[in-house]
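> Could you work out the structure for the sequence below:
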Amino acid sequence: MADALTEHLPPLSGQEALVESNRCLYCYDAPCTRACPTHIDIPRFIRKIATGNLTGSARTIFDANLLGATCARVCPVQELCEGACVLGADHKPIAIGRLQRHAMDYAARTGLAPFATAPATGRRVAVAGAGPAGLACAGYLARHGHAVTVFEKRPLGGGLSTYGIIVLREPVDIALAEVEMIRRLGVSVETGAEVGSSITMDDLLARFDAVFLSAGLGATPQLGIPGEERILDGLAYIEQSKLAPESLPRAGSVAVIGAGNTAIDCATIARRTGATRVTIVYRRTEREMTAYPHEIDFIRREGVEFRTLTQPIRATEAGLECVRMQLGDPDASGRAAPSPVRGSEFLLSAELIIKAIGQHRPPLAAQLGLDTDRGFIRVNSGYETSLARVWAGGDCIRARGAASTVMAVQDGKLAAEAIHRTLTGGA
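Alright, predicted model coming up:
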């Protein structure tokens, strides 16, 4: 059985990267670049790989995406750049993600600096959260010469890249290496420091010229069913698989509640660490699942079962008591609302139950009294919040559309430019 605790795709060899890069048509007005949320000049970085200029390739990526090593591994390239590749209709699309990883691995291996930083401006910026949005914002602000301090409540930086993305896609050391790269740009990263708790906003605004919030989302909600204390939190399960895999709970039969990408990741870990039967339990149909289609296809090929139109009602020692559901009119989310079918209760046997049903809205918004949109921090087109000198980006502002690492990086990059313009009077 494949090991869940090693990276799924091997790196390309030099020869493989050369052959793959020479397949690219180097399209003018390339659809792959338009499909990339950070708008990396993809034909350009691939052409540089083809000519043996890995330094130039890596710096092309860094210009648009400072966290290119993470995004090369975790981006849903099937839905983005590779999905837009003109070769995809009749041929195999260019392996853009793996070529990007090839260039980024070279940069990490050689200690390549992503760019030179400008002379110090004397301006100071605080960043709350060392996840992708916060690190990107900090790095691009440092490029402009601003002094940046990142405050992170957890012991390690990297956010979900460190704690919440399974090793199958991104090992911990890749995320932590990017944190160190940001530090080498002159950014100070202080861990164990939580804005809104150990550090107040008044303190930050007194000490810094600007503040960027990238706090991510909150904890996993409660299901509100009897026996919930028997159910593991999906994010905690993934974190344990990365940071303490030797103590990860293992079982022969596992039920995963939810049908987003986190649920897919939990099911993958369970399957690849020895579970003979893994079942994803979802109260709607596959049409309403929030996981990417290619992820659903992947987990099916792993041998995971789906129980759709199924609602858990109790967790017991024997497993998960459920009721069959039926769909009615759309609810506030725009999806068909499920309702229970009377008399359809049944027991789904499971030795281990995991919930992956999303996360609460960012608690920092309420703590700071910020204007919100559906519970997320409201920002204007320049990423400014309702509080003067405070900007925000990443999952904490994503009231609409899919949240992703690459979108968080783009938020951080654009917010850094907006902050820079404000600090320099529009220069």
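> only C-alpha atoms for contact and neighbour calcs from this point on.
OK.
> Over to Ile280. Which of the three states is it?
Ile280 falls in the strand class when you classify it by DSSP: H, G, I helix; E, B strand; the rest coil.
> Let me see the contact set for it.
By CA atoms under 8 Å, 6 or more residues apart in numbering, the contact list for Ile280 reads Ala255, Val256, Ile257, Gly258, Ala259, Ala263, Ala267, Val304, Glu305, Phe306, Arg307, Thr308.
> now, which of the residues you listed lie within strands?
With DSSP state E as the criterion, strands contain Ala255, Val256, Ile257, Glu305, Phe306, Arg307 from among these.
> so what are the domain limits for the chain?
Following automatic domain parsing, the chain resolves into domains at 14-110, 124-218+360-423, 228-355.
> most neighbours per residue, which of those domains?
Ranked by mean neighbour count, these are led by domain 124-218+360-423 with a mean of 21 (mean count of other CA atoms under 10 Å).
> for it, how far is the first residue from the last?
Across its full length, domain 124-218+360-423 reaches 9 Å end to end, with CA to CA, to the nearest Å as the criterion.
> so how far is it from its chain's centroid?
Computed by CA atoms, centre = their mean, to the nearest Å, the separation of domain 124-218+360-423 from the middle of its chain amounts to 13 Å.
> What is the longest helix anywhere in the chain packed up against?
Selection of the longest helix in the chain by residue count, based on DSSP state H, yields helix 405-423. Judged by 3 or more CA pairs under 8 Å, 6 or more residues apart in numbering; DSSP states H and E, helix 405-423 is in contact with helix 68-74, helix 132-143, strand 390-392.
> any chance of the domains of the chain in a markdown table, with distance to Glu7 and mean pLDDT too?
Putting those into a markdown table (distance: least, CA to CA, whole Å; pLDDT from 0 to 100) gives the following:
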| stretch | distance to Glu7 | mean pLDDT |
| --- | --- | --- |
| domain 14-110 | 9 | 97 |
| domain 124-218+360-423 | 4 | 95 |
| domain 228-355 | 11 | 95 |
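> who's in contact with the helix or strand that His294 is a member of?
His294 is part of helix 293-301, with elements assigned from DSSP states H and E. Contacts made with helix 293-301 from outside it, assessed by CA under 8 Å, 6+ apart, are listed as Gln78, Asn261, Ile264, Ala267, Thr268.
> which one is Tyr292 nearest to, not counting chain neighbours?
By the measure of CA to CA, 6 or more residues apart in numbering, the closest residue to Tyr292 outside its immediate chain neighbours is Asn261, 6.9 Å from it.
> got the residue ranges for the strands in the stretch 151-300 of the chain?
Listed in chain order, the strands of the stretch 151-300 of the chain (DSSP state E, counting those that start in this stretch) span residues 188-191, 210-213, 232-233, 253-257, 277-281.
> Quick check: can you name the pairing partners of the fourth one and their directions?
What it means is strand 253-257. Strand partners for strand 253-257, identified by DSSP bridges, are recorded as strand 277-281 (parallel), strand 352-355 (parallel).
> Mind listing residues that contact whichever helix or strand comes after the shortest one?
If you walk from strand 352-355 toward the C-terminus, the next helix or strand you reach (DSSP H and E) is helix 363-368. Taking contacts as CA under 8 Å, 6+ apart, the residues outside helix 363-368 that touch it are Gly196, Met201, Ala215, Leu217, Gly218, Asp371, Thr372, Gly375, Phe376, Ile377.
> And stretch 93-110, by the same measure?
Stretch 93-110 is touched from outside by 11-12, 17, 20-21, 23-24, 42, 45-46, 49, 54-55, 57-58, 61, 68-69, 71-73, 75, 77, 81-83, 85-88, 113, 177, with contacts defined as CA under 8 Å, 6+ apart.
> Pull up the gap between the nearest residue to Pro37 once chain neighbours are set aside and Pro11, please.
Once flanking residues are discounted, Pro37 sits nearest to Met407: 6.1 Å by CA to CA, 6+ apart. Met407 sits at a distance of 24 Å from Pro11 (criterion: CA to CA).
> ok, so what distance separates Ser381 from Asp63?
22 Å.
> what do you get for Arg207?
Taking CA to CA, one finds Arg207 at 29 Å from Asp63.
> Please apply the same query to Ser241.
Separation of Ser241 from Asp63 (CA to CA) stands at 33 Å.
> And for Ala315?
Ala315 sits at a distance of 50 Å from Asp63 (criterion: CA to CA).
> ditto for Cys32
17 Å.
> hang on, isn't the residue nearest to Pro37 packed against Ala35?
No. Using CA atoms under 8 Å, Met407 is not in contact with Ala35, being 11.7 Å away.
> any idea where the strands of the stretch 1-150 of the chain begin and end?
Taking DSSP E, counting those that start in this stretch as the criterion, the stretch 1-150 of the chain contains strands spanning 124-128, 147-152.
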